[in-house]
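# Need coordinates for the below:
(one chain, ligands or ions: 2)
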Amino acid sequence: MDHVLKVEDLHAGFGKRGHAQMAIEGVSFQVKKGRVFGLVGESGCGKSTTCRSIIRLFGGAPFVIEQGQILFDGKDLAAMNEQQLTDIRGRKISMIFQDPMTALNPTMRVGDQVGEIVRRNQPALSSGQVREKVVVLLREVGITSPERRYSAWPHELSGGLRQRVLIAMALSCAPELLIADEPTTALDVTIQAQVLRLLHELRARVNMSVLLVTHDLGVVAQHCDDMAVMYAGKIVESGSVAEVFAKPRHPYTRALLNALPAHVDPQHKLQPIPGEPPAAGHFPDGCRFHPRCPFAVERCLREIPENETLTQNHACACHRKEDALW
Ligand code: SF4
Ligand code: MG
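Ligands and ions are numbered 1, 2, ... in the order given. Below is the predicted model:
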C-alpha cells in the first residue's frame, strides 16, 4: 500500500441524513506515503469540508457523510464512531488551520501548551522530560532559542512563530498524516514561504504525509507532489503536480493557471475567469463549470462529466478533455 489515505466517492454535507445540503459529491483521491498532496480551488468549493470530513471536525455543525469511504491505514474513518475517531485525531492524524492566534490559548505560555499535548500522548513522562521534549519540538520547527520561547505568551509571538508552535503541537504525536487547511493564508508572503518550506522539509524528516489545502496554485507548484483541483464540490482534475502543470486538461485548471503570473505568456493577455463559483445548493445541472466555461457545448449543460483517467498520473472530469482546446 503506497498511500496513507484513500478517499473514495465521498458525498457529504450539512443537515439531516437523507435531506442534507451536499457540500461535496463523489470526491475521490489518495495521499501517498511521505508526499504532499495539494487540494486547490476557490473559496467555497468544498476543500475545507473535504479535509475536515476526514476527522469529522465541524465544531458541532450537523455534518453527515451520505456515501463513500475514507480509508486510513486500511480502516474506514467514515464508519467510525466519535470515540474511535478521537483515538486517531491528534495521534495519527493532526490538523493545523489558517489562524494561528485563535488556535492557541491566550492565557497559557506556549511551552506549557505544547507540553500539554506531549503529556496527553505520553503520560509516563516526568515534567522534566516533557519540558525537554517541548524544547526539541520547538527547535525542530525552526524556533530559535526555544528555551526562552518556552515561557512566551502567544501574543508575544509573530504570526509565523505562532504557526510554528502549532506545527510543533501537531508533530508532537509523530502523526502519519498532517492536514493543513490554508496554514499560511493569514501570514505575509515571506513568512508564508518559510512555513511551507518547513512543512515540506518535515515531511521527509519525520516521514509523514501532508494534505495541504490552498486557494493558491503557486503554493501547489512549489510545495506539493500530487494535487487535485476542486470546483463546486467536485474534483475536476487530479494527478502529479508535474503532469497537471505541464498538460492541464480541464478548462478550470487552465483558467487558474492563466491567472498565475509565472504562467502568463507575455504575448497574450491574461484572461480572468468570468462569473462567480456557485454556492452549495445552487449547483447547475450538467458540468458545474459550464456557466463559466468558454468551451461549453450542448452536452455540458445536461450531462455530468465523469472523472476519467488520462494517464497513470492524471485524471480529468470534462467532456472535452481529449479535444485540443488550447
Ligand atoms: Fe467546459 Fe464542458 Fe468541460 Fe465542463 S465539461 S469544463 S463545460 S468543456
Ligand atoms: Mg476553507
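# Residue ranges in the stretch 151-300 of the chain under the pLDDT threshold?
Counting by pLDDT under 70, the stretch 151-300 of the chain contains low-confidence residues at 262-271.
# All the strands of it, residue numbers only.
For the stretch 151-300 of the chain, strands defined by DSSP state E, counting those that start in this stretch occupy the ranges 177-181, 209-214, 226-231, 234-240.
# Turn those strands into TSV, including mean neighbour count and distance to ligand 1.
C-betas here are computed from N, CA, C, even on glycine. Supplementary listing: the strands of the stretch 151-300 of the chain in TSV, determined by neighbours: other C-beta atoms under 10 Å; distance: least, C-beta to the nearest ligand atom, whole Å:
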stretch	mean neighbour count	distance to ligand 1
strand 177-181	24	26
strand 209-214	25	22
strand 226-231	26	9
strand 234-240	25	7
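# so can I have TSV of these showing distance to residue 19?
Formatted as TSV, the strands of the stretch 151-300 of the chain follow (distance: least, C-beta to C-beta, whole Å):
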stretch	distance to residue 19
strand 177-181	27
strand 209-214	27
strand 226-231	24
strand 234-240	20
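# Let me know which of those strands is the nearest to residue 96.
Residue 96 lies closest to strand 177-181 among these, at 5.0 Å (C-beta to C-beta).
# list the helices and strands that closest one packs on?
Under the contact criterion of 3 or more C-beta pairs under 8 Å, 6 or more residues apart in numbering; DSSP states H and E, strand 177-181 touches helix 47-55, strand 93-96, helix 189-205, strand 209-214.
# Provide the contact partners of the last one at residue level.
If you take C-beta atoms under 8 Å, 6 or more residues apart in numbering as the criterion, strand 209-214 is touched by 4-5, 31-40, 47-48, 50-51, 54, 176-183, 185, 199, 203, 219-220, 223-224.
# now the angle from that strand to helix 189-205?
Orientation note: strand 209-214 sits at an angle of 160 degrees relative to helix 189-205 (axes from the mean of the first three to the mean of the last three C-alpha atoms, to 10 degrees).
# neighbours around residue 34, how many?
When neighbours are counted by other C-beta atoms under 10 Å, residue 34 registers 16.
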